[in-house]
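In: No sequence on hand, only this structure:
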């Protein structure tokens, strides 16, 4: 969609916002961490949110408050009335209290911020050059179970926010043909596998993942008393010839394939096709950039692509649905159903091509 033209002075203003965007971002992090946004929101109606009153209540110097609140006001995060009292704007409210924004902020700050400095190197080399800020692994997935707890929590909170909300809606579709054996490819913490086992007491689930994630998933299955029905197999999809066993009635991949390049996705799908019978369903769940109702959702996905570039593996991204459908066809699959699910997701239900 063509953008509306803007005046040169407006364009210059927007350019300065981009030039100083890290300053505004770190200001937001500080306003949240120091409790300033909370205090303003909780006390603005009582008229006790002047800079002096904030300083006394929060034990922060007026100087420190001044540098934060001045740029916060210019960025429309807070506003100030004639008496000098602050209140949150709608932007400030969403920055402090919206769960999606919280997941995005913490993911950017704890997982990506330092690594994004190396984005240019990642583009030039095709390697996740920023990952060295977190650890010495070739991709983030090998190190996921070893990340510091704060970083790990922000990673999983971000991942789960954009996946968990569709699980309940997806379960009736997954089990409408009463599968007896379900393969969960990239099972992560085992959350979906556990939900499946509780939803249908007759299904057996096999999780395929890297050793660290698989151990965590199987530990969680055991905590839920499901170790007899949830098993696992270690697999490295980047190895020369990965294999999975035959026997699945349903193969489930939720926000998994976007962690790979197109060539790697084709290899994974082809491997799955080789294990499938004519009745096996392969279900792909993704947040596609060309399937979003709102511009801010597409923007979030495009920003996430830069995480993959700089931090995760250097060669994957958030894809268009059309790209995935082409890859599925090339791998020997036919997309039988193309379903919108949840607010952001698409479900592609595939069968082996005849």
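Out: Sure thing, it's come through. Every value quoted in this text rests on a predicted model; they were computed, and no experiment measured them.
In: What average pLDDT does the host helix or strand of residue 27 get?
Out: Secondary structure from DSSP states H and E places residue 27 in helix 21-33. For helix 21-33, mean pLDDT is 98.
In: Would you mark the buried spots in that helix?
Out: 27-32 (16 or more other CB atoms under 10 Å). In this view, the C-beta of every residue, glycine as well, is placed from N, C-alpha and C.
In: Repeat that for stretch 331-351.
Out: Within stretch 331-351, the residues that qualify as buried are 331-333, 335, 342, 344-351, counting by 16+ other CB under 10 Å.
In: so which of those residues comes closest to residue 39?
Out: The shortest approach to residue 39 among the buried residues of stretch 331-351 belongs to residue 344, at 33.0 Å (CB to CB).
In: Might you report the residue contacts of the nearest residue to the closest one once chain neighbours are set aside?
Out: With CB to CB, 6 or more residues apart in numbering as the criterion, residue 344 has its nearest non-adjacent residue at 4.7 Å, and that residue is residue 287. Going by CB atoms under 8 Å, 6 or more residues apart in numbering, residue 287 touches 162, 255, 258, 297, 301, 318, 344-346.
In: got any ranges where the stretch 1-150 of the chain has weak pLDDT?
Out: In the predicted model, the stretch 1-150 of the chain carries pLDDT under 70 at residues 1-2.
In: Start from the N-terminal end of it and give the helices.
Out: Per DSSP state H, counting those that start in this stretch, the stretch 1-150 of the chain carries helices over the ranges 8-19, 21-33, 36-43, 51-58, 62-74, 90-97, 99-106, 119-125, 140-143, 149-161.
In: which outside residues touch the first one?
Out: Applying CB under 8 Å, 6+ apart, the set of residues contacting helix 8-19 from outside is 6, 24, 75.
In: Around the first one, how many other residues sit close by?
Out: Going back to what we said before, that points to residue 6. If you count neighbours by other CB atoms under 10 Å, residue 6 ends up with 11.
In: which non-adjacent residue is nearest it?
Out: residue 14 (7.7 Å).
In: try the last one
Out: Here the nearest residue to residue 75 in space, its sequence neighbours aside, is residue 24; by CB to CB, 6+ apart that works out to 5.0 Å.
In: so the one you found makes contact with residue 73?
Out: No - with contact defined as CB atoms under 8 Å, residue 24 and residue 73 do not form a contacting pair (11.4 Å).
In: if we can go back for a sec, measure the residue nearest to residue 75 to residue 44 for me?
Out: Per CB to CB, to the nearest Å, residue 24 is found 21 Å from residue 44.
In: same thing with residue 246?
Out: From residue 246 over to residue 44 (counting by CB to CB), the distance is 63 Å.
In: Which one's more surrounded, those two?
Out: Using other CB under 10 Å, the more surrounded residue of residue 246 and residue 44 is residue 44, with 17 against 11.
In: So for that one, what's the nearest residue that isn't a sequence neighbour?
Out: residue 87 (3.9 Å).
In: Identify the bridge partners of that neighbour.
Out: residue 79 (DSSP bridges).
In: was I right about it contacting residue 76?
Out: No - look at residue 87 against residue 76 with CB under 8 Å: they stay out of range, at 12.0 Å.
In: who's more crowded, the two?
Out: Neighbours were counted for residue 87 and for residue 76 using other CB under 10 Å; residue 87 has more, 17 against 11.
In: Look up how far residue 31 lies from that one.
Out: Applying CB to CB to residue 87 and residue 31 gives a distance of 13 Å.
In: Same check on residue 16?
Out: Where residue 31 is concerned, residue 16 sits at a distance of 20 Å (CB to CB).
In: try residue 250
Out: 46 Å.
In: How many neighbouring residues does the spatially closest residue to residue 94 that is not a sequence neighbour have?
Out: Closest residue to residue 94 apart from its sequence neighbours, by CB to CB, 6+ apart: residue 101 at 5.4 Å. Residues lying near residue 101 (other CB under 10 Å) number 16.
In: which residues of this protein fall in strands?
Out: Ranges of strands in the chain, per DSSP state E, are 78-80, 86-88, 181-185, 204-209, 230-234, 250-254, 281-286, 333-341, 345-352.
In: what would those look like in CSV with distance to residue 64?
Out: Listed next are the strands of the chain as CSV, based on distance: least, CB to CB, whole Å:
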stretch, distance to residue 64
strand 78-80, 15
strand 86-88, 14
strand 181-185, 48
strand 204-209, 45
strand 230-234, 50
strand 250-254, 44
strand 281-286, 44
strand 333-341, 46
strand 345-352, 42
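In: Break this structure down into its domains, please.
Out: Domain ranges of the chain: 8-97, 160-352, per automatic domain parsing.
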